[in-house]
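Trainee: The sequence isn't on hand, but the structure is:
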C-alpha cells in the first residue's frame with residue numbers, strides 16, 4: 001500500500017533574507033504640530049475635523065455616522081436624537097408624532113379596521129381637524145404667493161386666535177385665511193394689495209374686508225398702530241413706496257429707480273397730485289414716469305402686467321405727473337445729468353407741454 005507524500009513544510013522566515021517595504025498606513029497629521037501620534041477630534045456638532053492639540057481645522061463637512069435611533073427614556077421631550085421633525089408650537093395639545101396605517105383595496109378587514117381606529121384617535125375632535133386643515137391651506141397659499149415662512153407663521157397665529165375666540169363663525173375658511181394672510185403681510189412689512197389677495201384666495205374683496213375689520217377690532221390692531229405712529233389712524237394701509245421694490249425687481253430695473261420713484265411720489269403727495277388714487281396706480285404711474293425720465297423706457301403694458309392694473313390707469317397717473325413735471329422732479333436728479341424732462345412723451349389727450 002502506498003501513501004501520498006505530504007506537502008513539504010515551508011522554510012522558516014528567519015532563514016530567508018529579510019525584506020523591507022513602505023508603510024501603507026495612511027495617517028492624518030496636523031501640519032502645525034507634526035506630531036506622529038496626532039490628536040484628531042471629529043466635532044459632529046459643527047461638522048469639522050479639528051486638531052485637539054492646537055485647534056487647527058483640518059477638514060469640514062464631516063458626515064455623522066452615528067446611530068439614528070430614538071430613545072424614549074425621558075418623557076419631557078429632552079431627546080438628543082436627530083430623528084423626527086421639530087415640534088410645532090402652534091399645534092400644542094395635538095398629537096404631532098403619528099403613525100399612519102396603510103390600507104389598500106383587497107386587503108384584510110383587520111387592516112381596514114385598524115386604519116379607521118388609528119384615524120379616529122389621531123385626528124382628535126372636529127376643531128383639531130379644522131385647525132390642521134387651515135394650517136395646511138395657509139402654507140399652500142403662502143407657497144403659491146412666494147411669501148416667506150414668517151408670514152405663514154403669523155397668519156397661523158392669527159387664525160388660531162380667531163378660531164379660539166369664535167370671531168368669524170359662519171365665514172368660509174378661505175375668507176378667514178385670506179384676511180389672516182393680508183394682516184400678516186402688513187405686520188411683516190411685506191404688503192400685498194386686496195386685489196392680489198383676492199386673486200390668490202378666490203375670495204371677494206368685500207368678504208375679505210369684513211373678516212379683516214373683525215380681526216382688527218378684536219385684537220386691537222388699530223390701537224397698536226396708533227402707539228407706533230402716534231396718530232388716531234387704523235392699521236396703516238399699503239403705501240405706493242412699499243410696492244416699488246417688488247415692481248422694479250419684476251421689471252428688471254436698476255437699483256436707483258426705486259429711490260427716484262419714491263422721491264417723485266413724495267413730492268407729488270406734498271402737492272396733492274394724484275390724491276385719492278390707489279397705491280397700485282400711483283406706483284405704476286410713477287415707474288412709467290421715471291422710466292421715460294431716465295431713458296429706460298418700459299411700455300405701459302409691461303408695467304400693467306406687473307402691477308395688476310390697466311394701462312389707462314397708469315397713463316392717467318402719468319398724465320397728472322407730466323403736468324407737474326417741473327415741480328415734482330427734485331433738482332438734484334436733474335443736476336446729476338441722468339434725468340431729462342425732454343425725454344417725457346407728451347400724452348395725446350393733454351395739450352400742455
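Mentor: Looks like it came in fine. Source: prediction; values computed, not measured. Numbering: from 1, shown residues only.
Trainee: so residue 176 makes contact with residue 161?
Mentor: No - because the distance of 11.2 Å does not satisfy C-beta atoms under 8 Å, residue 176 is recorded as not touching residue 161. (C-beta placed from N, C-alpha, C; glycine too.)
Trainee: With neighbour numbers in mind, choose between those two.
Mentor: With neighbours defined as other C-beta atoms under 10 Å, residue 176 and residue 161 compare such that residue 176 has more, 27 against 14.
Trainee: Quick one: name whatever helix or strand follows the helix or strand harbouring the more buried one.
Mentor: Assigned by DSSP states H and E, residue 176 belongs to helix 173-187. Going down the chain from helix 173-187, the next helix or strand is helix 194-201, by DSSP H and E.
Trainee: and that following helix, what does it pack onto?
Mentor: Other elements packing on helix 194-201 under the criterion 3 or more C-beta pairs under 8 Å, 6 or more residues apart in numbering; DSSP states H and E are helix 126-144, helix 173-187, helix 205-218.
Trainee: which of those is buried the deepest?
Mentor: Burial among the helices and strands packed on helix 194-201, expressed as mean neighbours by mean count of other C-beta atoms under 10 Å, is greatest for helix 173-187, which shows a mean of 23.
Trainee: now it: how far from the chain's centre is it?
Mentor: Put simply, helix 173-187 sits 16 Å off its chain's centre (C-alpha atoms, centre = their mean, to the nearest Å).
Trainee: now the angle between helix 194-201 and it, please.
Mentor: Relative orientation of helix 173-187 and helix 194-201, computed by axes from the mean of the first three to the mean of the last three C-alpha atoms, to 10 degrees: 140 degrees.
Trainee: Not counting helix 173-187 itself, show me its contacts.
Mentor: 130, 133-134, 137-138, 141-142, 145, 147, 151-152, 154-156, 158-159, 162, 168, 191-192, 194, 197-198, 200-203, 207-208, 210-212, 214-216, 221, 235-236, 238 (C-beta atoms under 8 Å, 6 or more residues apart in numbering).
Trainee: Quick check: the gap between the residue nearest to residue 269 when sequence neighbours are not counted and residue 261.
Mentor: If you skip the residues right next to it in sequence, residue 269 has residue 275 as its closest partner in space, 7.6 Å away by C-beta to C-beta, 6 or more residues apart in numbering. Residue 275 sits 17 Å away from residue 261, going by C-beta to C-beta, to the nearest Å.
Trainee: Comparing the two, which residue is more hemmed in?
Mentor: The residue with more neighbours, out of residue 275 and residue 261 and counting by other C-beta under 10 Å, is residue 261; that gives 28 against 10.
Trainee: ok, the more buried one - contacts?
Mentor: Residue 261 makes contact with 244, 248, 283, 286-287, 290, according to C-beta under 8 Å, 6+ apart.
Trainee: again, only this time at 10 Å
Mentor: 240-241, 243-245, 247-248, 253, 282-283, 285-291, 293 (C-beta atoms under 10 Å, 6 or more residues apart in numbering).
Trainee: Buried subset of these as a ChimeraX selection?
Mentor: For anyone working in ChimeraX, the buried entries among those, judged by 16 or more other C-beta atoms under 10 Å, can be selected with:
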select :240,241,243,244,247,248,253,282,283,285,286,287,288,289,290,291,293
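Trainee: any weak-confidence spans in this protein?
Mentor: Low-confidence regions of the chain, defined here as pLDDT under 70, cover residues 1-26, 66-109, 118-125, 222-237, 347-353.
Trainee: Nearest residue to the middle of it?
Mentor: Centroid-nearest residue in the chain: residue 148, 1.8 Å away (criterion: C-alpha atoms, centre = their mean).
Trainee: I'd like the distance from it to residue 37, if you could.
Mentor: 51 Å.
Trainee: what's the answer for residue 196, then?
Mentor: From residue 196 over to residue 37 the distance is 66 Å, taken as C-beta to C-beta.
Trainee: the more surrounded of these two?
Mentor: Neighbours were tallied for residue 196 and for residue 37 using other C-beta under 10 Å; the higher tally belongs to residue 196 (17 against 6).
Trainee: thinking that one is in contact with residue 306, fair?
Mentor: No - at 11.4 Å, residue 196 and residue 306 do not qualify as touching, with contact defined as C-beta atoms under 10 Å.
Trainee: what is in contact with those two at once?
Mentor: residue 243.
Trainee: hang on, isn't residue 339 packed against residue 290?
Mentor: Yes - applying C-beta under 10 Å, one finds residue 339 in contact with residue 290, separated by 8.4 Å.
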